[in-house]
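[1] Got a predicted model here, sequence first, then my questions.
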Amino acid sequence: MPVQEAPDLLTTKELAAYLRKPVATVRGWRYRKVGPVGFRLGREVVYRRTTVDAWLGERERETA
């Protein structure tokens with residue numbers, strides 16, 4: 001069975017699981033504009049994995 005790559009676009013629920021945070025926290029970050037930048041794709045908000053990883057890198061540098 002081939003290994004599946006991680007998707008480039010994450011839903012809010014997938015992002016919450018990836019970051020090990022509650023969905024409500026991720027939604028709050030979006031509302032307050034302090035989390036990774038997402039965008040609407042139809043009815044869902046999605047996040048590019050590269051954007052999320054860059055946002056995590058910024059957080060890492062700020063606390064180092």
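    Structure's in. What do you need?

[2] Using the three-state scheme, assign the most centrally placed residue in the chain.
    In the chain, the residue lying closest to the centroid (CA atoms, centre = their mean) is Leu15, at 4.2 Å. Of the three states, Leu15 takes helix under DSSP: H, G, I helix; E, B strand; the rest coil.

[3] wait, doesn't it sit right on Arg49?
    No: the pair Leu15 and Arg49 does not pass the contact test of CB atoms under 8 Å, sitting 9.0 Å apart. No exception for glycine: its C-beta is placed from N, CA and C like everyone else's.

[4] The biggest strand by length in the chain: what's the following helix or strand?
    With secondary structure taken from DSSP state E, the chain has its longest strand at strand 44-48. With elements assigned by DSSP states H and E, the helix or strand that comes after strand 44-48 is helix 49-63.

[5] Check the offset of that following helix from the chain's centre.
    How far helix 49-63 lies from its chain's middle: 10 Å, per CA atoms, centre = their mean, to the nearest Å.

[6] before we move on, what about stretch 33-47?
    Worked out by CA atoms, centre = their mean, stretch 33-47 lies 8 Å from the chain centre.

[7] Can you point out the buried residues in that stretch?
    35-36, 38, 45-47 (16 or more other CB atoms under 10 Å).

[8] ok, now stretch 51-64?
    In stretch 51-64, counting by 16+ other CB under 10 Å, buried: 52, 55.

[9] picking up where we left off before, what would the buried residues of stretch 33-47 look like in JSON lines with pLDDT and distance to Gly28?
    Conversion of those to JSON lines gives the following (pLDDT from 0 to 100; distance: CB to CB, whole Å):
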{"residue": "Gly35", "pLDDT": "96", "distance to Gly28": "8"}
{"residue": "Pro36", "pLDDT": "97", "distance to Gly28": "13"}
{"residue": "Gly38", "pLDDT": "96", "distance to Gly28": "13"}
{"residue": "Val45", "pLDDT": "97", "distance to Gly28": "13"}
{"residue": "Val46", "pLDDT": "97", "distance to Gly28": "17"}
{"residue": "Tyr47", "pLDDT": "97", "distance to Gly28": "15"}
